[in-house]
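A.B. asks: model this:
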Amino acid sequence: MFSFRDLFQWDRFVTPSIIKLFFWLAVAIIILFGLSGIASALQMMPASAGVGVFMLLGSLLGMTIGILFARIVAEFVLIVFRINEHLGAIRGQGDL
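C.D. replies: So this is what the prediction gives:
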């Protein structure tokens, strides 16, 4: 993980250590919004079954797409930091 001292030193990036926390936070928020949409869809069912089913499918699809998008963004951030590490290693080899 990282220590409090790492926040004030620029030798090590903090973001790769905490990106998993942000990913799981995003997943939790997406699931809460999805459950809210599912509850709204179930309340809509007695008034209009077709609209309720459409809202239910839309909420489930939105949850799935949201979780996939959050994972893609998290992996992209990690890839950018990994590229930086590899470029630093290549630069270090060139200095020898």
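A.B. asks: Next, count neighbours for residue 41.
C.D. replies: A count of neighbours around residue 41, defined by other CB atoms under 10 Å, yields 19. For the C-beta atoms, the positions are set from N, CA and C on the backbone; glycine is no exception.
A.B. asks: so how far is residue 33 from it?
C.D. replies: According to CB to CB, to the nearest Å, residue 41 and residue 33 sit 13 Å apart.
A.B. asks: And for residue 68?
C.D. replies: 15 Å.
A.B. asks: okay but residue 67 is in contact with residue 28, surely?
C.D. replies: No: with contacts counted by CB atoms under 8 Å, residue 67 stays clear of residue 28, the gap being 10.4 Å.
A.B. asks: Quick check on the two: which one has the bigger neighbour count.
C.D. replies: Ranked by neighbour count (other CB under 10 Å), residue 67 and residue 28 place residue 67 first, with 16 against 10.
A.B. asks: In contact with residue 71, which residues?
C.D. replies: residue 23 (CB atoms under 8 Å, 6 or more residues apart in numbering).
A.B. asks: Quickly find the element holding it.
C.D. replies: Using DSSP states H and E, residue 71 maps to helix 49-94.
A.B. asks: higher neighbour count, residue 68 and residue 33?
C.D. replies: residue 33 (14 against 11).
A.B. asks: Let me see the contact set for residue 41.
C.D. replies: Shown in contact with residue 41 (CB under 8 Å, 6+ apart): 52, 53, 55, 56, 58, 59.
A.B. asks: what's the distance between the residue nearest to the spatial centre of the chain and residue 61?
C.D. replies: Nearest residue to the geometric centre of the chain (CA atoms, centre = their mean): residue 70, 2.9 Å. Per CB to CB, residue 70 is found 15 Å from residue 61.
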